[in-house]
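> make a model of this:
(one chain, ligands or ions: 1)
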Amino acid sequence: MKQKKYLLLFIAFLQLSFFTYASNGYDLWLGYRQIENENLLNEYVNTLSYIHLEGDSETLKVTKKELIKGLMAMLGKNVPFKNLENSTNSLIVANSKKLSSSILEKVNDDLKELNKDGFIIKTIRIGKNKHTVITSNDDVGVLYGVFNFLRLMQQNKSITNLSIVDSPKLDVRMLNHWDNMDRTVERGFAGFSLWNWHTLPDYIDQRYIDYARANASIGINGTALTNVNANALVLTPHYLEKVKALADVFRPYGIKVYLTARFSAPIEIGGLDTADPLNADVQEWWNNKTKEIYDLIPDFGGFLVKANSEGQPGPQNYNRNHVDGANMMAKSLAPYKGIVMWRAFVYSEHDSTDRAKQAYSEFVPYDGQFLDNVIVQVKNGAIDFQPREPFHPMFGAMPKTPLMMEFQITKEYLGFATHLAFLPKLYEEVLSADTYRKGKGSTVAKVIDGSLHNKKLTGMAGVSNIGNDINWTGHPFGQADWYGFGRLAWNPHLSAESIADEWIRSTFSNDEKFIGPVKKMMLESREMVVNYMNPLGLHHIFDTGHHYGPGPWVGNLSRPEWNPVYYHKADENGIGFDRTETGSNALEQYAPELAAMWGNLDTCPEIDLLWFHHLAWDYTLKDGNTLWDGMALKYQKGVDDVQNMVTTWEAMKPYIDSQRHNQVSMLLKIQLKEAKWWRNACMLYFQTFSKMDFPEGMEKPDKTLEHYKSLKFPFAPGIRPRW
Ligand code: GCV
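Predicted coordinates:
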């Protein structure tokens, strides 16, 4: 009785200190909190009397550390490690190869179902004794199992009767860092690069370890360290030593290192006078370079390549094609089981066709010609990470080629790190889109998990939003995008709703009074951004270069498709990009069902209207409003919804620590200010064409169009430095 009283007092003390302490967010979703619910705490303590952990590989050492850390924090006590004999209520953690036959027979059927890195968490009985087993056919799977088990506890789920069998649906689950070697980050808004190339390899920043741990906790198993706008120097011996040091840190966490390979590296650092992929010296150079890398890093993942895109060199400089370039590198990597991720983000100033069509036109004819260890990396949409884009038409259109998804986690076009827009909602929309390539139900998720066309190599990449800001992502809610990306790379069929739920519980609180409103706010946030930036299918109307804020008036850049006016095509007759048969006919690149649906104004969803159609300002929308009024009201709705988000968040103050609450409050106010800026600037500009009044219900702009046009941001973060 007395003991119980002390326990309650202890919990009350912890709660009190939680609300008054300031969390800087460094712990991410792994800040294990003391279990507050007394019954649950008892259940956990009783179920976890002992831990029995087999094996001492580097991976199992970090697994053990994680268990100790997590259980100590959540239970408020140490759980002793003990041999199994005669014990009950033990947590058994081991690679399946180390399990005793009596345990093995309880999990054998489940083990057969596992893919690489999959795990089992199962409650078993042996005689009178009850235990919880976490196992896998490989050590990394055991680590993943432990992270998942701890997550169940973080979410206050019962652990007395578990039967979880979970495997990753994709092989390559990786972050792409657009980190330059001078530590600036292209499109990075959370500080400088994590990689301190100057102090590597001798100085191992604790951040590198914490980075690996965070990634492993959500199943991420690869990282491309450097920008796709690549610098060949990273392939020199001086830098490879540093890359090796990072690879050594990441290895226990199951994370492989990949490098971006500049196509002209044989010239720039190899002393050759060509980088022609069919030239024998060039091939030999890549073979030797690859061997040099594998001598240092035996589990090196491979190369990520941006070629003949936005000024990057590539095989076309030598009148060769993507297949020649990718296959040359693939041959050098094949003996070591390395892969080439060849990006399909290509468009050319010499091609006057709709930019949205160019990647498909260039790549689809190569279907079936890439070697087995090449995977073509395709952005989620055909333009460039816009707040909303129809899925990229290449998905489903190359049945003989593995395609991997490239999402952007950093918010180049969704308000940088100052706006809250929960991106898993965007990812979910793309992944669940139906390509109709093999009939109804041929979703993008099935293309990339390999099930639609029976692909062996599968993957998903996310352009990282991480920097050296203390909380990693700048905006505390940016952590949810990293987390959500990892979870979807593990299983692209998960729902954004379940991801938001998990993340809130692990990161902030299990209090339903907090979870309900915050989850709602997160799930609606991406649509708010679409509304106040790019409603009704508008796209790429961002200010030039830095992409911060509106710039629909920009029309003076040398390449036509770099100008917002190219995309909205506003004139006195109307607005929108005609991609139907009467226009660019980008629709022809989709399955006939989709071409018909998007091509017909009666069936085209209004969220995609101006992506596919150029319509008169007085065109009637489904709700009876004119296009002009409807557009204005969408902009206004975006602003109003952000205002509501500000109000919701203010009411959340009692539930979390003051530091993070205050940070989010300030950021939401910036978001509100900028949402109004977007609405005012865009509507004033489009009004110069429509010549129509703003409808009732739209707040009138308080500044002139000239004012918005005059705003300049020479030091906006994330712009590519010019060396
Ligand atoms: C890394 C967009 C971005 C560029 C980026 C490019 C790409 O154009 O604005 O910063 O370059 O995409 O994905 O290669």
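> quick check: the gap between residue 292 and the ligand.
Remark: distance between residue 292 and the ligand (C-beta to the nearest ligand atom, to the nearest Å) = 26 Å. C-beta coordinates here come from the backbone N, C-alpha and C atoms, glycine included.
> state the distance from that residue to residue 267.
17 Å (C-beta to C-beta, to the nearest Å).
> neighbour count: the two, which is higher?
residue 267 (17 against 14; other C-beta atoms under 10 Å).
> excluding its backbone neighbours, what's nearest that one?
Leaving aside its sequence neighbours, residue 267 sits nearest to residue 275 (C-beta to C-beta, 6 or more residues apart in numbering; 5.4 Å).
> is it correct that the one you found is in contact with residue 265?
Yes. Residue 275 is within contact range of residue 265, at 7.2 Å (criterion: C-beta atoms under 8 Å).
> neighbour count for these two, which is higher?
The neighbour comparison of residue 275 against residue 265 (other C-beta under 10 Å) goes to residue 275, with 26 against 23.
> name the helix or strand for the more buried one, please.
For residue 275, there is no host helix or strand (DSSP states H and E).
> so where does residue 642 fall, helix or strand?
Using DSSP H and E, residue 642 sits in helix 627-650.
> and that helix, C-alpha only, in CSV?
This file holds the C-alpha atoms of helix 627-650, laid out as CSV (Å, rounded to 0.1, in the frame of the first residue of the first chain):
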residue,chain,number,x,y,z
LEU,A,627,-13.9,30.1,-61.3
TRP,A,628,-12.7,33.6,-60.2
ASP,A,629,-14.9,33.6,-57.1
GLY,A,630,-14.1,30.0,-56.4
MET,A,631,-10.4,30.6,-56.6
ALA,A,632,-10.6,33.6,-54.3
LEU,A,633,-12.6,31.7,-51.8
LYS,A,634,-10.1,28.8,-51.8
TYR,A,635,-7.3,31.2,-51.0
GLN,A,636,-9.4,32.6,-48.3
LYS,A,637,-10.2,29.2,-46.9
GLY,A,638,-6.6,28.4,-46.7
VAL,A,639,-6.0,31.6,-44.6
ASP,A,640,-9.1,30.9,-42.4
ASP,A,641,-7.9,27.3,-41.8
VAL,A,642,-4.5,28.5,-40.7
GLN,A,643,-6.2,30.9,-38.4
ASN,A,644,-8.1,28.0,-36.9
MET,A,645,-4.9,26.1,-36.5
VAL,A,646,-3.5,29.0,-34.5
THR,A,647,-6.5,28.9,-32.2
THR,A,648,-6.4,25.1,-31.8
TRP,A,649,-2.8,25.1,-31.0
GLU,A,650,-3.2,27.9,-28.3
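> and the helix or strand following that helix, what does it pack against?
Next helix or strand after helix 627-650 toward the C-terminus (DSSP H and E): helix 658-690. Using 3 or more C-beta pairs under 8 Å, 6 or more residues apart in numbering; DSSP states H and E, the elements in contact with helix 658-690 are helix 512-533, strand 574-575, helix 627-650, helix 705-710.
> run the chain-centre distance for helix 658-690.
24 Å (C-alpha atoms, centre = their mean, to the nearest Å).
> next, the angle from it to helix 512-533.
Going by axes from the mean of the first three to the mean of the last three C-alpha atoms, to 10 degrees, helix 658-690 is angled at 30 degrees with respect to helix 512-533.
> walk me through the domains of the chain.
Following automatic domain parsing, the chain resolves into domains at 28-166, 172-495, 531-577+614-710.
> circling back to that earlier point, got the angle for the helix holding residue 642 vs helix 658-690?
Inter-element angle recorded for helix 627-650 and helix 658-690: 170 degrees (by the same axes, to 10 degrees).
> could I get the helices and strands packed on helix 658-690 as CSV with mean pLDDT and distance to residue 53?
Shown next, in CSV, are the helices and strands packed on helix 658-690 (pLDDT from 0 to 100; distance: least, C-beta to C-beta, whole Å):
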stretch, mean pLDDT, distance to residue 53
helix 512-533, 98, 33
strand 574-575, 98, 63
helix 627-650, 98, 41
helix 705-710, 98, 61
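> just these: most buried one?
Greatest average neighbour count among the helices and strands packed on helix 658-690 goes to strand 574-575 (a mean of 23), per mean count of other C-beta atoms under 10 Å.
> rewinding a little: export the helices and strands packed on helix 658-690 to a markdown table and tack on distance to the ligand?
Shown next, in a markdown table, are the helices and strands packed on helix 658-690 (distance: least, C-beta to the nearest ligand atom, whole Å):
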| stretch | distance to the ligand |
| --- | --- |
| helix 512-533 | 16 |
| strand 574-575 | 23 |
| helix 627-650 | 23 |
| helix 705-710 | 22 |
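> check contacts around residue 408.
Residues near residue 408 by C-beta atoms under 8 Å, 6 or more residues apart in numbering: 187, 379, 385, 462-463.
> out of these, the closest to the ligand would be?
Closest to the ligand out of the contacts of residue 408 is residue 187 (5.1 Å), distances taken as C-beta to the nearest ligand atom.
> got a list of what the closest one touches?
Each residue near residue 187 by C-beta under 8 Å, 6+ apart is listed here: 178, 408, 410, 412, 463, 547, 718.
> in which helix or strand would I find the fourth one?
So the one you mean is residue 412. With DSSP H and E as the test, residue 412 turns up in no helix or strand.
> again, but for the one 3 residues further on
Here residue 415 sits in a region with no helix or strand, counting by DSSP H and E.
> got a list of what it touches?
Residue 415 makes contact with 421, 529, 533, 671, 674, according to C-beta under 8 Å, 6+ apart.
> quick one: secondary structure of residue 173?
Using DSSP: H, G, I helix; E, B strand; the rest coil, the structure places residue 173 in strand.
> partner residues bridging it?
Beta bridges link residue 173 to residue 460 when assigned by DSSP bridges.
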